[in-house]
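Visitor: build the 3D model from these lines:
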Amino acid sequence: MIVEVEGGYQVLSKRGKNLGGPYKTLEEARKRLRQVEYFKQLNRIA
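Guide: Predicted coordinates for the structure are as follows:
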């Protein structure tokens, strides 16, 4: 999930673990979230 913080936007897991950020724009945060989701699926296949 993406949360707005003082420095911009931060990507967090469902449990609240920091997965990246803060990013200045929402688009940068969305890009990081897509990366996290991609690698999460990659690990399930392998």
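Visitor: for this protein, just list every one of the helices.
Guide: Residue ranges of the helices in the chain, as given by DSSP state H, are 26-45.
Visitor: mean pLDDT per helix and strand in it: which one sits at the bottom?
Guide: One helix or strand of the chain scores below all others by mean pLDDT, DSSP states H and E: helix 26-45, with a mean of 92.
Visitor: list the buried ones in it?
Guide: Within helix 26-45, the residues scored as buried using 16 or more other C-beta atoms under 10 Å are 28-29, 32-33. (Each C-beta comes from the backbone N, C-alpha and C, glycine too.)
Visitor: give me the helices and strands touching that helix, please.
Guide: Helix 26-45 makes packing contacts with strand 2-5, strand 8-12, strand 18-23 when contacts are defined by 3 or more C-beta pairs under 8 Å, 6 or more residues apart in numbering; DSSP states H and E.
Visitor: among the ones you listed, which is nearest Q41?
Guide: Within the helices and strands packed on helix 26-45, the stretch nearest Q41 is strand 18-23; the backing value is 14.8 Å (C-beta to C-beta).
Visitor: and that closest one, what's its mean pLDDT?
Guide: If you average the pLDDT over strand 18-23, you get 94.
Visitor: just want the angle from that strand to helix 26-45.
Guide: Angle of strand 18-23 versus helix 26-45, following axes from the mean of the first three to the mean of the last three C-alpha atoms, to 10 degrees, is 160 degrees.
Visitor: what lines up beside strand 18-23 in the sheet?
Guide: When pairing is defined by DSSP bridges, strand 18-23 lines up against strand 8-12 (antiparallel).
Visitor: mean confidence for the strand it pairs with?
Guide: The pLDDT scores in strand 8-12 average 97.
Visitor: contacts for that strand?
Guide: 1-4, 18-26, 28-29, 32-33, 36 (C-beta atoms under 8 Å, 6 or more residues apart in numbering).
Visitor: so Y23 touches R32, yeah?
Guide: Yes - using C-beta atoms under 8 Å, Y23 is in contact with R32, at 6.7 Å.
Visitor: re the thing from before, a markdown table please, covering the buried residues of helix 26-45 and showing distance to G8.
Guide: Listed next are these as a markdown table, based on distance: C-beta to C-beta, whole Å:
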| residue | distance to G8 |
| --- | --- |
| E28 | 8 |
| A29 | 8 |
| R32 | 12 |
| L33 | 14 |
